[in-house]
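Student: Just to be clear, the model below is a prediction. Sequence and coordinates:
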Amino acid sequence: MTEIVADYMLFFKLNLSQRILLKWSDRELTSQVGATTTQIAAIFYLMGNDGCQLVDLSRELLQNKSAITTLVERMVKNDLIIKSPSSTDGRASHLFLTDKGRNIGKKAMPYVLEYNRELVKGFSSTETEVINRFFNSIIQRFETTPDNYFKQQIGNIAVD
């Protein structure tokens with residue numbers, strides 16, 4: 001029974017810590033750079049994939065169609081991106097960063113790097129490697145899009 005409780009607590013604590021971290025980072029990033037964590041993730045993706053289609057962004061952020069539509073509408077409204085109809089597919093749209101969106105992405109990068117440093121504060125590099133391996137194993141086993149950009153980026157991050 002103890003094993004079951006311990007396993008449950010790990011899952012529960014992972015979920016709880018993710019919620020706490022996103023709530024905190026949304027508040028911080030909105031205050032410091034003017035965009036939410038999800039908006040900044042979209043900006044980071046667009047910084048390397050400007051002109052992608054809505055479906056591409058949806059796949060990268062693992063968001064369903066309605067969630068990505070709402071996100072894109074807010075980002076257009078806040079002048080972070082431009083949504084342009086595809087010239088080859090009447091059902092598709094391409095997304096482009098505005099200067100404001102690109103500037104927010106550049107401004108957000110040091111904060112995200114600092115948040116990463118803060119997350120591993122107090123852990124040795126060996127412990128950080130285990131944490132990194134733990135998260136990578138979750139991503140590998142449960143994420144269903146094999147060509148996910150962020151998944152590739154996470155796999156390339158070197159641990160200090």
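Tutor: Nice, I can see it.

Student: CA atoms for contacts and neighbours, from now on please.
Tutor: OK.

Student: OK, contacts around the closest residue to residue 68 other than its chain neighbours?
Tutor: Spatially, and ignoring its direct neighbours in sequence, residue 68 is nearest to residue 58 (5.8 Å; Cα to Cα, 6 or more residues apart in numbering). Residues near residue 58 by Cα atoms under 8 Å, 6 or more residues apart in numbering: 64-65, 68.

Student: So which of those residues is surrounded by the most neighbours?
Tutor: Most neighbours among the contacts of residue 58, by other Cα atoms under 10 Å: residue 68, with 19 neighbours.

Student: how about the strands of the chain, start to end?
Tutor: 81-85, 93-97 (DSSP state E).

Student: right, so of those strands, which gets closest to residue 131?
Tutor: strand 93-97 (33.1 Å; Cα to Cα).

Student: what's the closest one packed up against?
Tutor: helix 37-49, helix 54-61, strand 81-85 (3 or more Cα pairs under 8 Å, 6 or more residues apart in numbering; DSSP states H and E).

Student: go with 6 Å
Tutor: Under the contact criterion of 3 or more Cα pairs under 6 Å, 6 or more residues apart in numbering; DSSP states H and E, strand 93-97 touches strand 81-85.

Student: For residue 81, list the residues it contacts.
Tutor: 75, 96-98 (Cα atoms under 6 Å, 6 or more residues apart in numbering).

Student: quick one: pLDDT of the closest residue in space to it that isn't next to it in sequence?
Tutor: Spatially, and ignoring its direct neighbours in sequence, residue 81 is nearest to residue 97 (4.3 Å; Cα to Cα, 6+ apart). For residue 97, the model assigns a pLDDT of 98.

Student: Same question for the one 10 residues further on.
Tutor: You'll see residue 107 listed with a pLDDT of 97.

Student: Next, work out how far apart it and residue 32 are.
Tutor: Residue 107 sits at a distance of 9 Å from residue 32 (criterion: Cα to Cα, to the nearest Å).

Student: With residue 21 instead?
Tutor: From residue 21 across to residue 32, the span is 16 Å (Cα to Cα).

Student: now residue 114
Tutor: 13 Å.

Student: quick one: which of the two has more around it?
Tutor: Taking other Cα under 10 Å, residue 114 and residue 32 do not tie; residue 32 has more neighbours (13 against 10).

Student: out of the contacts of residue 81, who has the most neighbours?
Tutor: residue 97 (24 neighbours).

Student: Leaving out chain neighbours, which residue sits closest to the residue nearest in space to the middle of the chain?
Tutor: Centroid check for the chain by Cα atoms, centre = their mean gives residue 41 as the closest residue, at 4.0 Å. Among residues not flanking residue 41 along the chain, residue 61 sits closest, at 7.5 Å (Cα to Cα, 6+ apart).
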